[in-house]
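1. I'll drop the sequence and a predicted model, then ask my questions.
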Amino acid sequence: MEEFDTIIIGAGMSGLAAGIRLAYFDQKVCILERHYTIGGLNSFYRLNHRDYDVGLHAVTNFVGKGAKKGPIAKLLRQLRFSWDDFQLRPQLGSAVVFPDVELNFNNDIELLKAEIAAKFPTQRDRFEILLKQLVDYDDLNDEMFGLSSRKILQEIFTEPLLIEMLLCPLMWYGNARENDMDFGQFCIMFRSIYLEGFGRPFKGVRLILKHLVRKYRALGGQLKLRSGVAKIITDGEHAVGVELDNGTQLKAKRILSSAGAVETMRLCEDTSESKVVQAGQLTFIESISVLDCQPKEIGFDKTIVFYNDSPQFHWTRPQTELCDARTGVICSPNNYLYDATEGELQDGIIRLTTIADYNRWAGLDENSYRREKLRWYDLSVASAVRFMPDFRRRVIETDVFTPKTIRRFTHHDNGAVYGAPKKQLDGRTHLKNLFLCGTDQGFVGIVGAIVSGISIANMHCLRTELS
């Protein structure tokens, strides 16, 4: 039976990053991936001779070349990449749009400050109070992490609409909890979106994945695709290995899992009561519209627009329908400040994201499923064009993926994009040598997932080497 220092379940961003970090210290590492390709939710596919990103709207935590602080600087340093490897280009500018109010922001917090001062003048000083609270927040502070963001914001601000507008992008891009948000998650997402901002590689997510896989394999790491884990083999308080779907068994001194808390616990062959974890409910449909022009030609020059059609932000699983189009995200990968040598993306792209209900989508027969995809494409577009120029006459091709697609790429229960509502910040489980990394450890997004893999590898697998 082949034996490894560390087995990693899942070849998403966090798993690949953890594998690279461990391989640098001469650990024998094996990453196991059930899917036929890498990346998990942040992957890509090819359809009708076009490449489509699955999860990437933007890379958050953007910093310019040469920056020494922040999550991107940390991951470049720890994984020994250069800034140029990922070729991140900054956003042109984004917005939060509610009825009668629009807050613009970019990668400089001064723009958002000015927007709040102009549109919520009585809240300007209160926003500064919030910024001061965020400076010293510790991402791994268990006591503060689970507090209600709404309650804390209501103690600072006297304008309920501003609270809703600030929460909207943060929940859309990293919140597994319905209606409210853990304060720790709020702080992480606030820094990553408002204080740092958005960037994107010209070639999309495939560039990041290509560099991660090449580095991992160059360091001697093993990557096994189509190698789903059927069971984590346990012996008392320890995991001793895994059994694959085909019956092959592999031994390991320790296991890192990016499969999600619920999904990891289900794999364990013991029946510990500590395995009870609540699954996340929040999932999406996303449509991709290919235009016959660049979005700027129809008057849309925003990178991302987060919209909501009433003063109360709707962040909950739909109760009666397949989707809830009252709120959504509009994204164009064309609207970044690409280098002059790169030019523009060949196709104009508009991506729309809408909250969905996994169970209703999963319960459809094949004909109904195809029909509802078309119907909800039309409904989500009709909702979005209330907040942007109408692009429908310029569409030449479309594709839609649903919670079932997300379930297939991630294997998360309910197609939950951000995993379980309860995060395990130190990555520990009921087994002494089984640890979580990725979404259910607490960091989300591409950069968050990579940093999670690095942090958990350092904390639990390299303590001796780094001491």
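-> Yep, it's here.
2. Now stretch 286-294: buried residues?
-> 286-291, 294 (16 or more other CB atoms under 10 Å). C-betas here are computed from N, CA, C, even on glycine.
3. And the helices in the stretch 151-300 of the chain?
-> Under the criterion DSSP state H, counting those that start in this stretch, the stretch 151-300 of the chain contains helices at 160-172, 183-190, 205-218, 261-267.
4. Which of the residues in the longest one are classified as buried?
-> For helix 205-218, a neighbour-count test (16+ other CB under 10 Å) marks 205-209, 211-213, 215-216 as buried.
5. Does anything pack onto that helix? Which helices or strands?
-> On a contact count with 3 or more CB pairs under 8 Å, 6 or more residues apart in numbering; DSSP states H and E, helix 205-218 meets helix 13-23, strand 44-47, strand 50-53, helix 83-86, strand 222-224, helix 445-461.
6. how many other residues sit next to the nearest residue to residue 182 once chain neighbours are set aside?
-> Distances taken as CB to CB, 6 or more residues apart in numbering put residue 146 closest to residue 182, at 5.2 Å, once the chain neighbours are dropped. By the measure other CB atoms under 10 Å, the count of residues near residue 146 is 16.
7. Distance of residue 109 relative to residue 326?
-> 29 Å (CB to CB, to the nearest Å).
8. Check which helices and strands the host helix or strand of residue 350 is in contact with.
-> Assessed by DSSP states H and E, residue 350 sits inside strand 348-356. In this structure, strand 348-356 makes packing contacts with strand 283-291, strand 323-331, helix 366-384, judged by 3+ CB pairs under 8 Å, 6+ apart.
9. Burial check on residue 193, number of neighbours?
-> Neighbours of residue 193 (other CB under 10 Å): 26.
10. Now render the helices and strands packed on helix 205-218 as CSV, adding mean pLDDT.
-> Conversion of the helices and strands packed on helix 205-218 to CSV gives the following (pLDDT from 0 to 100):
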stretch, mean pLDDT
helix 13-23, 97
strand 44-47, 74
strand 50-53, 76
helix 83-86, 92
strand 222-224, 97
helix 445-461, 95
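11. Please name whichever of these is nearest to residue 165.
-> Minimum separation from residue 165 across the helices and strands packed on helix 205-218 (CB to CB) falls at helix 445-461, 20.3 Å.
12. I'd like to know which elements that closest one is packed against.
-> helix 13-23, helix 71-79, helix 205-218, strand 249-257, strand 434-436.
13. Buried residues in the second one, which are they?
-> This means helix 71-79. The neighbour-count check on helix 71-79 (16+ other CB under 10 Å) flags 71-72, 74-76, 78-79 as buried.
14. Quick one: mean pLDDT for it?
-> Helix 71-79 shows an average pLDDT of 94 in the prediction.
15. and that helix, C-alpha only, in CSV?
-> Provided in CSV are the C-alpha atoms of helix 71-79 (Å, rounded to 0.1, in the frame of the first residue of the first chain):
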residue,chain,number,x,y,z
PRO,A,71,-2.8,38.1,1.3
ILE,A,72,-1.4,38.2,-2.3
ALA,A,73,2.0,39.3,-1.1
LYS,A,74,1.9,36.4,1.5
LEU,A,75,0.9,33.7,-1.0
LEU,A,76,3.6,34.9,-3.6
ARG,A,77,6.2,34.7,-0.8
GLN,A,78,5.1,31.4,0.7
LEU,A,79,4.6,29.6,-2.7
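16. Which other helices and strands does that helix contact?
-> Applying 3+ CB pairs under 8 Å, 6+ apart, one finds that helix 71-79 contacts helix 13-23, helix 445-461.
17. Show residues contacting it.
-> Residues outside helix 71-79 that contact it (CB atoms under 8 Å, 6 or more residues apart in numbering) are 17, 20-21, 61-63, 67, 81-83, 85, 88, 192, 196, 212, 215, 447-448, 450-451, 454, 458.
18. If anything else comes up later, I'll come back, but that's it for now.
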